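Q: only the shape, not the letters, is given here:
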Ligand SMILES: C[S@@+](CC[C@H](N)C(=O)[O-])C[C@H]1O[C@@H](n2cnc3c(N)ncnc32)[C@H](O)[C@@H]1O
C-alpha cells in the first residue's frame, strides 16, 4: 500500500487516476450552488488544484500537506486564475485560521477520510471561525458501505485510512455545522458502482 501511496503523491499520477471521476464528484456541489456568487473559497486538502478551476475569478486559498501538489498547482493554476489565488503547504491538523482568512465557501473534497476522529473534530471546530455568517461548508467524502461489495472493498483500499459509515459522517458534520443538505451518491464506471460518497452542505452554528 505504501508503494501506491508514494506513486499517487506525484501530481500527474494523481490527476490521471482522478480524471474520470473528478468532475462527477463535484456534481452535487455544482447542482446545488451558484458559484458565480461566491466571494472567497477555502479549499481544505486541495491536492494538486483538482477543484480550483471551477472557482476561476473567485478569491481562492488552497491548503495541502503535500509540497509536490502545492508546487504543481501554483505553477499551473495560480497565475491565470483571474483573482487572488494562493496554494499553501499546510498540515491542516495544525491550521489555526486567521479571521482575515474568512471564507463564504469552504470546500473539503475527499479530505476527511485521511484524518482520524480526534483531528477531524478539531479541524471542523476551528473552521467554524473562518466561515462567514452567510457562507457554507461543502464536504464531499468517501462512505464505507455496510454491505460487502466493490464500493466497500475500494473504500478499504483507499489511501485514506478513515472512510466512515454514512451515519457516522452525519453525526460528525452535524456536530459542528447546521445541516442544509446531506446527500449520499455513487460514482460509477460502466454502470457499476465503485465508490459510495456523501455531499454535506452546512451553515455556521449560531451560538
Ligand atoms: C484524496 S486527496 C483529495 C485532493 C483534492 N481535494 C481533490 O478533490 O482531488 C486528499 C488530499 O488531502 C491531503 N492531506 C492529507 N492529510 C493532510 C493534512 N493533514 N493536511 C493537509 N492536507 C492533507 C493529501 O495530500 C491529498 O492531497
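A: Cool, the structure landed. As the structure is a prediction and not an experimental result, all values here were calculated from the model.

Q: got the contact list for the spatially most central residue of the chain?
A: Centre of the chain computed as the mean C-alpha position; nearest residue by Cα atoms, centre = their mean is residue 109, 1.7 Å away. For residue 109, the set of contacting residues under the criterion of Cβ atoms under 8 Å, 6 or more residues apart in numbering consists of 25-26, 43, 45, 47, 50-51, 139-140. Every residue, glycine included, has its C-beta placed from N, CA and C.

Q: can you give me the strands for the chain?
A: In order along the chain, the chain carries the following strands (DSSP state E): 40-44, 59-64, 85-89, 103-109, 131-143, 177-189, 192-204.

Q: tell me which strands the last one pairs with, and in which orientation.
A: The one in question is strand 192-204. strand 131-143 (antiparallel), strand 177-189 (antiparallel) (DSSP bridges).

Q: deepest in the core, which of these is it.
A: Comparing the strands paired with strand 192-204 by mean neighbour count (mean count of other Cβ atoms under 10 Å), strand 131-143 ranks first with a mean of 20.

Q: relative to strand 103-109, how tilted is it?
A: Regarding strand 131-143 and strand 103-109, their directions subtend 10 degrees when assessed with axes from the mean of the first three to the mean of the last three Cα atoms, to 10 degrees.

Q: how far is strand 131-143 from where the chain is centred?
A: In this view, strand 131-143 has its centroid 9 Å away from the chain centroid, taken as Cα atoms, centre = their mean, to the nearest Å.

Q: now do stretch 9-20
A: Its chain's C-alpha centre and that of stretch 9-20 lie 16 Å apart, by Cα atoms, centre = their mean.

Q: per-residue pLDDT of the closest residue to the ligand within the chain, please?
A: Of the chain, the residue with the smallest distance to the ligand, taken as Cβ to the nearest ligand atom, is residue 47 at 2.8 Å. If you check residue 47, the pLDDT there is 96.

Q: what distance do you get for it to residue 193?
A: 23 Å (Cβ to Cβ, to the nearest Å).

Q: same question for residue 168.
A: Look at residue 168 and residue 193: by Cβ to Cβ, they are 20 Å apart.

Q: same check, this time on residue 48
A: When Cβ to Cβ is applied, the distance between residue 48 and residue 193 equals 26 Å.

Q: which of the contacts of residue 109 sits closest to residue 201?
A: Checking the contacts of residue 109 against residue 201 by Cβ to Cβ gives residue 139 as the nearest, at 8.0 Å.

Q: my read: that closest one touches residue 200, true?
A: Yes. In this structure residue 139 lies within contact range of residue 200 using Cβ atoms under 8 Å: 4.4 Å.

Q: identify the contacts common to these two.
A: Taking Cβ under 8 Å, 6+ apart as the contact criterion, the residues that touch both residue 139 and residue 200 are residue 173.
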